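In: the sequence and its predicted three-dimensional model are supplied below.
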Amino acid sequence: MITVDEAWDLINRLNEEAHGLAWDLWIKADEAEEDNDILAEEASDAQREYFWDILDEEVSEEDMEAIWHYCNTDPEFRDQFEAFYGEID
């Protein structure tokens, strides 16, 4: 099982990758004169979907089990993961 530090590194790296994939949407929202809040929400939603896709494609079942474990045992880790993933039960 990966350590909590490795899990932190993993989710942060994956979020950076997801952010890069949504970069054009973030730029569009940043440059918008109107509706920038709506565009930022769309960029955030797209980034979250990219994060889900990357988790599904790149993270092993064993590493996902560790991530869920840390979500259940480390409130700070859970808060950060939910910032990337969305609310979990």
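Out: Nice, I can see it.
In: for the residue of the chain most remote from its centre, which three-state class applies?
Out: Within the chain, the residue lying farthest from the chain centre (CA atoms, centre = their mean) is Glu33, at 26.9 Å. Three-state assignment for Glu33 (DSSP: H, G, I helix; E, B strand; the rest coil): coil.
In: for Glu87, same thing?
Out: coil.
In: what pLDDT does the residue farthest from the centre of the chain get?
Out: On the pLDDT scale, Glu33 is placed at 81.
In: any idea how far Ala46 is from it?
Out: Look at Glu33 and Ala46: by CB to CB, to the nearest Å, they are 21 Å apart. (Each C-beta comes from the backbone N, C-alpha and C, glycine too.)
In: could you do Ala18 as well?
Out: Distance from Ala18 to Ala46, by CB to CB: 9 Å.
In: the more surrounded of these two?
Out: Ala18 (21 against 17; other CB atoms under 10 Å).
In: on the three-state scheme, Arg13 is what?
Out: Arg13 - assigned by three-state DSSP - is helix.
In: perfect, that will be all.
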